[in-house]
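Undergrad: Predicted structure and sequence below. I'll ask about it afterward.
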Amino acid sequence: MKVVFGILAILFLALIIIVPLVEKYGKSYSQEEVSKISRWVLPLVGLLLVIQLLAFIFK
């Protein structure tokens, strides 16, 4: 159980360090670019769920 908490602590620490760096130095996208990308999110999530369901059924 100590190993799991150690891994979680490392991941949380990495998240605390990486998120501010990405926000500071990352590319900012326009509203138009974000809307183009975001319209594909839900269909892709739905497709992923269907594929996972089929993989579960036929496994």
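TA: Nice, I can see it. Numbering: from 1, shown residues only.
Undergrad: what sits up against the lowest-mean-pLDDT helix or strand in the chain?
TA: Every helix and strand in the chain was compared by mean pLDDT, DSSP states H and E; the lowest is helix 31-38, with a mean of 93. With contacts defined as C-beta atoms under 8 Å, 6 or more residues apart in numbering, helix 31-38 is touched by residue 29. No exception for glycine: its C-beta is placed from N, CA and C like everyone else's.
Undergrad: what comes up buried for it?
TA: Residues of helix 31-38 classed as buried: none (neighbour count, 16 or more other C-beta atoms under 10 Å).
Undergrad: Convert the C-alpha atoms of it to PDB, please.
TA: Taking C-alpha atoms only, helix 31-38 is exported to PDB below (Å, rounded to 0.1, in the frame of the first residue of the first chain):
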ATOM      1  CA  GLN A  31     -11.800  30.700 -29.500                       C
ATOM      2  CA  GLU A  32     -12.300  29.500 -33.100                       C
ATOM      3  CA  GLU A  33      -9.600  26.900 -32.800                       C
ATOM      4  CA  VAL A  34     -10.900  25.700 -29.400                       C
ATOM      5  CA  SER A  35     -14.400  25.300 -30.800                       C
ATOM      6  CA  LYS A  36     -13.100  23.300 -33.800                       C
ATOM      7  CA  ILE A  37     -11.300  20.900 -31.500                       C
ATOM      8  CA  SER A  38     -14.100  20.700 -28.900                       C
END
